[in-house]
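Visitor: pasting the sequence and the predicted coordinates here, then a few questions.
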Amino acid sequence: ALLPILHFPDPRLHKVAKPVEQVDDRIRQLVKDMAETMYDAPGVGLAATQVDVHERVVVIDISEEGNELRVLINPEIIWKSDDTQVYEEGCLSVPGIYDKVERAAQVKVKALNEKGEEYTFDADGLLAVCVQHELDHLMGKVFVEHLSSLKQNRIKTKIRKQAKEKA
Ligand SMILES: O=C(O)C[C@@H](Cc1ccccc1)C(=O)SCC(=O)c1ccccc1
Ligand SMILES: [Zn+2]
């Protein structure tokens, strides 16, 4: 089922997600709903925090055809490169806002899959950006918080105006 995505500055986006205790059918259904919601947006990633579920679950699919779904349960970055890359980021919780964010160029990630089995993978490029962006969400952080307070205030004003026009 499609899940409603929380929009900045909703305070629930700042809640810290808890680790998943048991990878069971409830979690597998959540993953299915998150993937459906991500593809519908469309996006290349989605964190459970964004759909108001405060558990450490992330889905990512950076493939062109949208047929390479990655499921990250209790994900951890176990290594980060010193060199960084700047990438123009967007966010499904901050629609219409794009800005440059500097992050580690390569990361090594450890996570559980839908069966609860542990796996690791190396990421660079867009995948590295996306993993770091999604893990920020699980820590209650939205990408705009990397920007100056001047820019953040302008974004809040713009989002409020968008909300008024829609209402
Ligand atoms: O808000 C989110 O977490 C989803 C976000 C993740 C992200 C990935 C990479 C850079 C920044 C943010 C998005 O998917 S934003 C939409 C987007 O980047 C995109 C959408 C469709 C095709 C390609 C990219
Ligand atoms: Zn986001």
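Guide: Nice, I can see it. Ligands and ions are numbered 1, 2, ... in the order given.

Visitor: what helix or strand does the most centrally placed residue in the chain sit in?
Guide: Geometric centre of the chain, nearest residue: Glu134, 2.7 Å, by CA atoms, centre = their mean. Glu134 is part of helix 125-138, with elements assigned from DSSP states H and E.

Visitor: which strands and helices sit next to that helix?
Guide: Here helix 125-138 touches strand 45-47, strand 57-60, strand 70-80, strand 84-89, strand 99-104, strand 106-112, going by 3 or more CB pairs under 8 Å, 6 or more residues apart in numbering; DSSP states H and E. No exception for glycine: its C-beta is placed from N, CA and C like everyone else's.

Visitor: ligand 1 contacts on this protein?
Guide: 42-47, 89-93, 126, 129-130, 133-134, 137 (CB under 6 Å from any ligand atom).

Visitor: closest one to Lys141 among the helices and strands packed on helix 125-138?
Guide: Taking CB to CB, strand 45-47 is the member of those nearest to Lys141, at 10.2 Å.

Visitor: for Lys141, which non-adjacent residue is spatially closest?
Guide: What sits nearest to Lys141 in space, not counting adjacent residues and going by CB to CB, 6 or more residues apart in numbering, is His14, at 7.8 Å.

Visitor: distance check, that neighbour against Leu30.
Guide: For His14, the distance to Leu30 (CB to CB, to the nearest Å) stands at 20 Å.

Visitor: ok and the residue in this protein nearest ligand 1?
Guide: Gly43 (3.1 Å; CB to the nearest ligand atom).

Visitor: pLDDT score for that residue?
Guide: On pLDDT, Gly43 comes in at 97.

Visitor: good, wrapping up.
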